[in-house]
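Student: turn this into a model:
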Amino acid sequence: MSIKKVGVVGAGTMGQGIAEMLASKGLDVHLIEISEERLTYGQQMIELSLDKQIEKWALTQAEKKLIMNRIHMTVSYDALAECELVIETITEDLESKKAVISQIDDICGADVILASNTSTLSLTELASASAHPERVIGLHFIYPVLKIDLVEIVRGLKTSEDTFASTKHFVEEIIHKKGVMVFESPGFVTSRLICLFINEALHVLEEGVASAEDIDSAMRIGYSFQHGPFEMADRFGLDSVLAALDRMFREYGELKYRPSIVLKKMVRAGQLGAKTGVGFFKYDKDGDRI
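Tutor: From the prediction side, this is the model:
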């Protein structure tokens, strides 16, 4: 199956990253949001990301213009009718995602692949919102999308072999990332392991074993992590980490997934990490650590 036009529903952090990455690979992207205001913000953030690459001599102004010209922004789902693949990237809420899948289902033909970027929700349950559950699959991109060359390809119980084969071809041959096949399980591989890593670091902090700065330094320097667990959590969004842990705790019923009290307090205080300017560390308006 030839995939040249991709729909991305949701222009939040992940939607922005996915749209930018796809456009940089030469694909036409239809980026959908529920309001012009959110679309404008998404466009500004994509342009900011491209400008940062230009500053580092990784991109030219001409290349930026080409990428932006490939991203078509709209509030209308009708644009998805001409896409061969649609990726939903909205907030991690089951009913909201099912409503989006149902809307896409009404517009796209039965042969269009419908992918979800969910990190913890059941693909089988999401697929129940489609009249063609066999074409629903998970494509879990990891933040930052441009830099991480891994995608978890998640199969629901009804995902067909054709859907999986076409999606794997898209991931490995068209956008040139490493596809890892994962059978449906809360948290899949990456979210399940990284959230436990962050949660255990929080327990170490609670116990007064070391400061957040020193724990991060220990893991960065000692084990070659790009970011330590606390900066990782800040960049994922502390609310997203808490939501993932809560879901896995409910699904598995094991105490190791129970979120740290420190994490809950910070989310209640609105200290969500880079997107609010303060989490375990402080960040400027561009998301760079101060």
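Student: may I have the helix or strand containing Ala218 as CSV, with CA atoms only?
Tutor: Using DSSP states H and E, Ala218 sits in helix 212-223. Coordinates of the C-alpha atoms in helix 212-223 are reproduced here as CSV (Å, rounded to 0.1, in the frame of the first residue of the first chain):
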residue,chain,number,x,y,z
ALA,A,212,16.5,15.3,42.2
GLU,A,213,19.5,16.9,40.6
ASP,A,214,21.9,14.3,41.9
ILE,A,215,19.6,11.3,41.0
ASP,A,216,19.4,12.7,37.4
SER,A,217,23.1,13.2,37.3
ALA,A,218,23.7,9.6,38.5
MET,A,219,21.6,8.1,35.8
ARG,A,220,22.8,10.4,33.0
ILE,A,221,26.5,10.1,33.7
GLY,A,222,26.5,6.6,35.2
TYR,A,223,24.3,4.9,32.6
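Student: would you mind pulling the contact partners of that helix?
Tutor: Helix 212-223 has contacts (Cβ atoms under 8 Å, 6 or more residues apart in numbering) with 201, 204-205, 209-210, 225-231, 280-281. No exception for glycine: its C-beta is placed from N, CA and C like everyone else's.
Student: mind running it again at 7 Å?
Tutor: Ala201, Val204, Leu205, Phe225, His227, Gly228, Pro229, Phe230, Glu231, Phe280 (Cβ atoms under 7 Å, 6 or more residues apart in numbering).
Student: please apply the same query to stretch 109-124.
Tutor: By Cβ under 7 Å, 6+ apart, the surrounding residues in contact with stretch 109-124 are 14, 83-89, 92, 94, 97, 101, 104, 108, 126, 130, 132, 135-141, 154, 156-158, 163, 166-167, 184, 186-188, 191, 244, 247-248.
Student: hang on, the earlier thing: for Ala274, state which of the contacts of helix 212-223 is nearest.
Tutor: When the contacts of helix 212-223 are compared for distance to Ala274 (Cβ to Cβ), Glu231 wins out at 8.7 Å.
Student: so the closest one, which of the three states?
Tutor: helix (DSSP: H, G, I helix; E, B strand; the rest coil).
Student: can you get me a residue count around the nearest residue to it once chain neighbours are set aside?
Tutor: Leaving out its chain neighbours, the residue that sits closest to Glu231 by Cβ to Cβ, 6 or more residues apart in numbering is Asp216, at 5.7 Å. Neighbours of Asp216 under the rule other Cβ atoms under 10 Å: 23.
Student: just Glu92 next, same as before
Tutor: Glu92 has 16 neighbours, counted by other Cβ under 10 Å.
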